[in-house]
Each structure stands twice: as structure tokens, then as C-alpha cells.
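> For reference, the sequence and a predicted model appear below.
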Amino acid sequence: MENRIKAFIEAAFSTQSILDAVYIGCKLPDFPEAFRETLIHLLNRTNSSYIDTWDVKSALMDSNSDIEDSAQISFAYSQCCDVIVTKDKKLLSRDVPSPMRVMTPEDFVNACRA
């Protein structure tokens with residue numbers, strides 16, 4: 001499998017992912033203003049959408065017990081994503097519909113630079 005990522009990147013974020021990032025970020029002793037500004041920057045330049053009822057139903061019917069990850073995979077598939085970028089170890093080991101891939105942020109950046 002080729003590791004190279006297309007030169008043009010279009011990103012899609014689920015609103016749940018943004019809220020999860022804020023939740024984690026707010027637990028830091030000094031929630032950095034730069035983090036808030038980065039999220040606003042991303043939201044102004046990318047697609048964001050909600051995980052809809054179809055994604056939740058699909059996740060509930062999935063044999064995997066991690067329903068939240070299954071919903072994220074369903075969302076990514078419905079958004080025609082090529083890559084899911086995550087640090088979630090369980091999600092990194094999940095099978096996803098081809099040609100979609102799951103990568104760590106580090107692997108994604110390295111693939112973009114290749």
C-alpha cells in the first residue's frame with residue numbers, strides 16, 4: 001500500500017470530535033488560547049458535520065463493542081474520507097472500508113511530507 005497522501009488535503013471533522021478535543025484541552029492546567037484559535041482556524045477552513053442518526057444506527061449494528069469509534073468510522077465513510085487521523089489505539093487497529101486508512105497524526109504528517 002502506498003503511504004503517500006495526495007498533495008491537496010480536504011479535511012472533515014465531526015462536531016463530536018471538536019467537542020472531544022475541547023473537553024480534553026480544558027482539562028489541561030492552562031487551556032492554551034492558541035488551541036482555541038487553532039480550532040476556530042480549522043473550522044473556518046474545513047468541513048464539519050454532525051454524526052447523524054444513520055451513523056449511530058450503523059455503529060449500533062456493528063459487531064465491535066466500541067460504538068463511538070464505529071460511529072466515527074461511519075461518519076468518515078459517509079464524508080468520503082481517505083484517512084482517519086487519531087491517537088486512539090483501539091481505533092488505529094480497527095478495520096475500515098477500503099480505501100480508507102486509519103493513521104496516527106505523526107504517520108499522517110510523514111505521509112504528507114513523503
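That came in fine, so what should we check first?
> Give me the pLDDT for residue 4.
Listed pLDDT for residue 4 reads 58.
> And residue 41, by the same measure?
pLDDT recorded at residue 41 is 86.
> for the strand or helix carrying it, packing partners?
Assigned by DSSP states H and E, residue 41 belongs to helix 33-45. Applying 3 or more CB pairs under 8 Å, 6 or more residues apart in numbering; DSSP states H and E, we find helix 33-45 packed against helix 15-26. In short, each C-beta sits where N, CA and C put it, glycine included.
> contacting residues around the helix it packs on?
Taking CB atoms under 8 Å, 6 or more residues apart in numbering as the criterion, the residues outside helix 15-26 that touch it are 31-32, 35-36, 39, 43, 48-51, 68, 71-72.
> Tell me what angle it forms with helix 33-45.
On the basis of axes from the mean of the first three to the mean of the last three CA atoms, to 10 degrees, helix 15-26 is oriented at 170 degrees to helix 33-45.
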